[in-house]
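# Provide a 3D model corresponding to the input given below.
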Amino acid sequence: MTTRERIDNDYAREAKARNAAAVSTLRLLRAALKNAEIEKMKPLEEADVIEIIGREVKKLVDALDSYRAGNRPDLAAQAESEAALMRAYLPAQLGEADLKKIIADKIAALGAATVKDFGKVMSEVSKETKGRAEGGKVSALVKAALTGGT
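The predicted structure is shown next:
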């Protein structure tokens, strides 16, 4: 079963159960997927679906930070629960140890030695970790590895 099918099935199940919060979140996610499909003018592939879900989660996390800064715990709690529901459709995230191993392997393979090689290393690591790790976290680990601060 594809991720898109899982989302549609879960939407139908939650609608029948009258779970308004889950229905609202899944409706938002389905709309984002449908809009991307219309924009591409063809059905989405699994990688595209995962990318869009990741983008929606990132939007919610950014909004969560704003809600906390604006002292809006009610909206923060809602954004947090929506992000948690959407994360269930993403592949398992890589742990820090796994990321460090991938980064070390790429640095060795590319022969990177200085921060000047950051772009090359980041490009290769991003290809391998796409959808399974946050870009900011990967970037920080790559910088640390290239500057010698493991």
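# And the protein, split by domain according to the record?
What automatic domain parsing lists as the domains of the chain is 3-87, 96-147.
# can you put those in TSV and add mean neighbour count and mean pLDDT?
Every C-beta, even on glycine, is put in place using the N, C-alpha and C of the backbone. Shown next, in TSV, are these (neighbours: other C-beta atoms under 10 Å; pLDDT from 0 to 100):
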stretch	mean neighbour count	mean pLDDT
domain 3-87	15	94
domain 96-147	15	89
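# Go ahead and flag the most central residue of the protein.
Note on the chain: the residue nearest the mean C-alpha position is G54, at 3.0 Å, using C-alpha atoms, centre = their mean.
# give me every residue that touches that residue.
Residues in contact with G54 (C-beta atoms under 8 Å, 6 or more residues apart in numbering) are 90, 131.
# Is it within a helix or a strand, and which one?
When secondary structure is defined by DSSP states H and E, G54 falls within helix 46-69.
# Residues contacting the very next helix or strand once past that helix, please?
Going down the chain from helix 46-69, the next helix or strand is helix 73-87, by DSSP H and E. Contacts to helix 73-87, defined as C-beta under 8 Å, 6+ apart, come from residues 21-22, 24-26, 28-29, 53, 56-57, 60-61, 63-64, 67-68.
# Can you tell me which of these is nearest T2?
Using C-beta to C-beta, I53 comes nearest to T2 of those, at 12.1 Å.
# tell me the contacts of the closest one?
3, 29, 86, 89-90 are the contacts of I53 under C-beta under 8 Å, 6+ apart.
# can you put these in TSV and add distance to E134 and secondary structure?
Shown next, in TSV, are those (distance: C-beta to C-beta, whole Å; DSSP: H, G, I helix; E, B strand; the rest coil):
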residue	distance to E134	secondary structure
T3	19	helix
L29	19	helix
M86	14	helix
Y89	16	coil
L90	11	coil
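# and which of those is nearest to A108?
Using C-beta to C-beta, the contacts of I53 come closest to A108 at L90, 28.6 Å.
# got the contact list for that closest one?
L90 neighbours (C-beta under 8 Å, 6+ apart): 50, 53-54, 57, 131.
# That's all I had, so thanks and see you.
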